[in-house]
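**Student:** Coordinates for the following, if possible.
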Amino acid sequence: MIKRKIIVLISLIFALSISFTFAAEQKDWRNVESCRVLSSHLKWMVWNEDVQEKNVIVVKDNPFIDDWEIKSTSRTYFYDYQLSTNSLTLIKGPKDPLWNTVNFDASKIIWTIKLPKDFRNVNVLFYKEETMIVVAEHYDSDSRWETVAMFYDLAEDKLTATNYFANTWKIIKIHIENWKLYIVTNSELTKSKAQNFIKKDWDLPTIFPKFSEGLKYWLITNEKYSVCKNYKYLYKPSSQMPTFWNILVFNLNNINNTKDFLYYIWTLWQFAFSEKSMYLTIPSDNDTTIIQKFWLDPKLNVQSSYILSWTVLNGWVITNELKSAFVSVQTSWKLKVYTLNRFDENFDLIDSTDIYSWMDETFDWVEYRGTTIFLKNDEKAIAVAEWNRDDFFAHTPLSLEIGSKKYFMVSWDPLVLLSVEERNNKLYFSLMEKDIPQEEFRNLYTASYKAEWKFLWNFAWNRDSQTLAFSANLQDSEQEFNWIRVLRIPSSWKLKEVMSRRYNEPSFLLLENYQEFVASVTNTLVDVFIPENAMLMKVLSK
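**Tutor:** From the prediction side, this is the model:
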């Protein structure tokens with residue numbers, strides 16, 4: 001028995017020494033000095049018989065509460081992308097960017113761009129009402145995924161191509177923060193790719209991305225391969241191969257001359273942006289997670305890192321000014337314990353507090369809405385804690401079933417949620433408030449709405465005007481058409497229908513609210529209107 005205790009004690013000391021050694025080794029990113037050095041590292045990775053090829057888990061935008069902010073990156077412009085025709089139509093709404101007023105005379109279709117047929121995952125962003133950015137992906141001539149970024153000038157309501165950029169590898173994240181655009185691309189590193197690189201004696205770096213850039217879209221571009229020594233890596237003996245990542249940074253105030261290309265090799269788990277920082281998580285042994293913090297300005301650079309016990313949840317970073325927090329989960333047999341880990345401005349751990357624990361119940365996501373922390377899976381979300389600038393406390397969990405319901409945040413001080421559910425050919429709207437953080441939600445108002453027609457689950461919520469637009473389809477004996485109905489929540493916390501619109505077409509896309517106006521797009525027209533007044537509108541023919 002004594003001998004066994006000694007062995008256990010020695011094992012614990014050995015494990016702790018490895019852990020502390022690992023923590024020290026992982027603090028700094030290492031530069032790859034040459035392709036020969038990289039080749040030797042790849043040989044060691046491939047010779048590890050236990051290494052597995054595993055897809056990287058990437059954080060995707062998946063809120064259970066629809067954002068209360070306007071998601072569009074423009075106050076004036078919006079777009080319609082038709083997948084069937086691969087056409088992108090730029091539309092100017094009635095918002096005057098100079099005078100901050102509504103002017104329907106300014107509404108018009110600016111331009112229609114015909115994109116290549118093989119373009120997929122098309123993303124459109126706007127910057128300062130002056131630049132439109134189109135990012136998409138397709139297969140290049142070598143049958144490799146390629147990310148394409150196209151920049152257009154919007155001066156004087158004209159669309160002019162100004163820059164073109166292409167990078168071999170798939171889109172992972174596109175993000176605008178302040179005046180910079182971040183495009184993150186990724187490629188897996190398989191054993192076969194690594195062996196091919198080694199066999200060719202690192203002379204033909206086919207595993208690396210190919211860059212192309214030019215002044216005009218579709219003109220002849222310059223192409224080059226990335227060089228091995230440009231990479232930094234953060235890798236330790238692991239059960240899976242690392243992956244290659246590129247982070248491309250554009251200064252949107254000077255696209256021609258200011259681009260940063262950052263290349264990394266790591267076994268990445270997920271990442272996210274805050275106003276001043278970017279955070280990465282890297283899985284480690286025994287379900288621990290390395291959290292790496294980067295400053296965004298003046299250039300993307302490493303600030304510090306921290307090894308956090310257990311696995312960090314998706315949607316993981318919670319920011320409050322320069323402070324940050326992460327929710328981790330620890331599994332012990334069937335018991336799962338969720339812990340909030342708070343960091344100060346210097347990225348030093350302040351405290352770790354258990355906020356929820358339960359048997360056989362797994363939550364994959366964490367969301368921070370207002371001052372409330374929610375844990376979420378595909379079936380439900382629970383409010384478990386409150387954190388504002390000065391105070392934090394956990395409270396009795398409140399469960400919100402997701403399923404056929406959608407949730408909208410009406411306000412966050414106090415926290416008021418609007419839930420929409422379709423049941424027995426009716427729509428049920430419920431307003432719930434949690435005015436005191438320790439208390440559960442109380443029901444403010446419940447209303448039902450006839451839904452004999454086919455409900456399309458297409459919403460546009462505007463927190464500023466407190467309006468909710470939703471769509472439905474109705475088919476009678478002669479024709480099929482669509483409805484848009486707009487509800488408003490006045491100060492009395494009741495739902496009031498303020499307008500409805502009918503379209504004699506079988507299908508249309510209802511876009512989100514754009515400041516004061518709403519836009520819906522059918523197969524033949526674009527309808528722009530003020531949601532509280534059906535007379536304030538303009539219809540544009542496509």
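**Student:** Run through the helices of the stretch 51-200 of the chain in chain order.
**Tutor:** 191-199 (DSSP state H, counting those that start in this stretch).
**Student:** which stretches of it have low pLDDT?
**Tutor:** Scanning the stretch 51-200 of the chain for pLDDT under 70 picks out the ranges 51-62, 67-72, 97.
**Student:** Strands along that one, start to end?
**Tutor:** Assigned by DSSP state E, counting those that start in this stretch, the stretch 51-200 of the chain shows strands spanning 65-66, 77-82, 87-92, 95-96, 101-102, 108-114, 120-127, 131-139, 145-153, 160-168, 170-177, 180-188.
**Student:** Of those, which is nearest residue 534?
**Tutor:** Proximity to residue 534 (CB to CB) singles out strand 101-102 among the strands of the stretch 51-200 of the chain, at 14.5 Å. Using the backbone N, CA and C atoms, a C-beta is placed for each residue, glycine as well.
**Student:** Just checking: what are the partner strands of the closest one?
**Tutor:** Strand pairing for strand 101-102, determined by DSSP bridges: strand 95-96 (antiparallel).
**Student:** can you give me how far the partner strand is from the chain middle?
**Tutor:** In terms of CA atoms, centre = their mean, to the nearest Å, the centre of strand 95-96 is found 28 Å from the chain centre.
**Student:** Helices of this protein, start to end?
**Tutor:** 2-25, 35-47, 191-199 (DSSP state H).
**Student:** Now do the buried residues in the second one.
**Tutor:** Residues of helix 35-47 classed as buried under the neighbour-count rule (16 or more other CB atoms under 10 Å) are 35, 38, 39, 41, 42, 45, 46.
**Student:** The shortest one too?
**Tutor:** Buried residues in helix 191-199, counted by 16+ other CB under 10 Å: 193, 194, 197.
**Student:** so who does the nearest residue to residue 102 once chain neighbours are set aside touch?
**Tutor:** Spatial nearest neighbour of residue 102, excluding adjacent residues (CB to CB, 6 or more residues apart in numbering): residue 94 at 4.9 Å. Counting by CB atoms under 8 Å, 6 or more residues apart in numbering, residue 94 makes contact with 102, 103, 104, 106, 107, 516, 517, 528, 538.
**Student:** for residue 109, same thing?
**Tutor:** For residue 109, the contacting residues are 89, 90, 91, 92, 526, 540, 542, by CB under 8 Å, 6+ apart.
**Student:** how many neighbours does residue 472 have?
**Tutor:** Residue 472 has 21 neighbouring residues, counting by other CB atoms under 10 Å.
**Student:** Okay, and the beta partners of it?
**Tutor:** Per DSSP bridges, the residues bridged to residue 472 are residue 455, residue 483.
**Student:** Quick check, it in contact with residue 459.
**Tutor:** No: counting by CB atoms under 8 Å, residue 459 is not a contact partner of residue 472; they are 11.3 Å apart.
**Student:** What separation do you get for residue 108 and residue 529?
**Tutor:** The gap separating residue 108 from residue 529 is 15 Å, by CB to CB, to the nearest Å.
**Student:** So which of the strands of the stretch 51-200 of the chain is nearest residue 479?
**Tutor:** Proximity to residue 479 (CB to CB) singles out strand 77-82 among these, at 23.0 Å.
**Student:** So for the closest one, what gets flagged as buried?
**Tutor:** So for strand 77-82, counting by 16+ other CB under 10 Å, buried means 77, 78, 79, 80, 81.
**Student:** so how far is residue 364 from the third one?
**Tutor:** By that I understand residue 79. 32 Å.
**Student:** Quick one: neighbours of residue 281, just the number.
**Tutor:** Using other CB under 10 Å, residue 281 is surrounded by 25 other residues.
**Student:** my guess is residue 161 meets residue 214, correct?
**Tutor:** No: Residue 161 is beyond contact range of residue 214, at 9.8 Å (criterion: CB under 8 Å).
**Student:** tell me the contacts of residue 513?
**Tutor:** 70, 460, 461, 462, 465, 467, 469, 531.
**Student:** Tell me which residues touch the fifth one, please.
**Tutor:** Meaning residue 465. By CB under 8 Å, 6+ apart, the contact set of residue 465 is 488, 513, 516, 531, 532.
**Student:** would you turn these into JSON lines with distance to residue 352 and pLDDT?
**Tutor:** As requested, the contacts of residue 465 are exported to JSON lines (distance: CB to CB, whole Å; pLDDT from 0 to 100):
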{"residue": "488", "distance to residue 352": "44", "pLDDT": "89"}
{"residue": "513", "distance to residue 352": "40", "pLDDT": "75"}
{"residue": "516", "distance to residue 352": "45", "pLDDT": "78"}
{"residue": "531", "distance to residue 352": "45", "pLDDT": "83"}
{"residue": "532", "distance to residue 352": "48", "pLDDT": "78"}
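**Student:** which among these end up buried?
**Tutor:** Buried subset of those (neighbour count, 16+ other CB under 10 Å): 488, 513, 516, 531.
**Student:** Hmm, residue 464 and the first one touching each other?
**Tutor:** No: between residue 488 and residue 464 there is no contact under CB under 8 Å: 11.7 Å.
**Student:** For residue 208, grab phi and psi.
**Tutor:** phi -100, psi 160 (degrees, to the nearest 10).
**Student:** quick one, what contacts it?
**Tutor:** 225, 226, 227, 228, 244.
**Student:** And for residue 324?
**Tutor:** By CB under 8 Å, 6+ apart, the contact list for residue 324 reads 274, 277, 279, 293, 317, 318, 342, 343, 347.
**Student:** again, only using 10 Å
**Tutor:** Counting by CB atoms under 10 Å, 6 or more residues apart in numbering, residue 324 makes contact with 272, 274, 277, 279, 291, 293, 316-318, 341-345, 347.
**Student:** out of everything not next to it in sequence, what's closest to residue 375?
**Tutor:** Nearest non-adjacent residue to residue 375, counting by CB to CB, 6+ apart: residue 363, 3.9 Å away.
**Student:** what sits against that neighbour?
**Tutor:** Residues near residue 363 by CB under 10 Å, 6+ apart: 313-314, 327, 329, 336, 338, 356, 374-377, 380-382, 384.
**Student:** ditto for residue 309
**Tutor:** Going by CB under 10 Å, 6+ apart, residue 309 touches 284, 286, 287, 288, 289, 328, 330, 339, 341, 352.
**Student:** go with 6 Å
**Tutor:** Shown in contact with residue 309 (CB atoms under 6 Å, 6 or more residues apart in numbering): residue 288.
**Student:** Same question for residue 146.
**Tutor:** By CB under 6 Å, 6+ apart, the residues touching residue 146 are 138, 140, 166, 168.
**Student:** ok, the closest residue to residue 428 other than its chain neighbours to residue 429 distance?
**Tutor:** Once flanking residues are discounted, residue 428 sits nearest to residue 421: 4.7 Å by CB to CB, 6+ apart. Note on residue 421: its distance to residue 429, by CB to CB, is 8 Å.
**Student:** neighbour-wise, which of the two wins?
**Tutor:** Taking neighbours as other CB under 10 Å, residue 421 and residue 429 compare with residue 429 leading, 19 against 15.
**Student:** Check the gap between that one and residue 415 for me.
**Tutor:** Taking CB to CB, one finds residue 429 at 17 Å from residue 415.
**Student:** try residue 381
**Tutor:** Noted for residue 381: a distance of 13 Å to residue 415, by CB to CB.
**Student:** export the buried residues of strand 77-82 to JSON lines and tack on distance to residue 521?
**Tutor:** Formatted as JSON lines, the buried residues of strand 77-82 follow (distance: CB to CB, whole Å):
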{"residue": "77", "distance to residue 521": "14"}
{"residue": "78", "distance to residue 521": "9"}
{"residue": "79", "distance to residue 521": "9"}
{"residue": "80", "distance to residue 521": "5"}
{"residue": "81", "distance to residue 521": "10"}
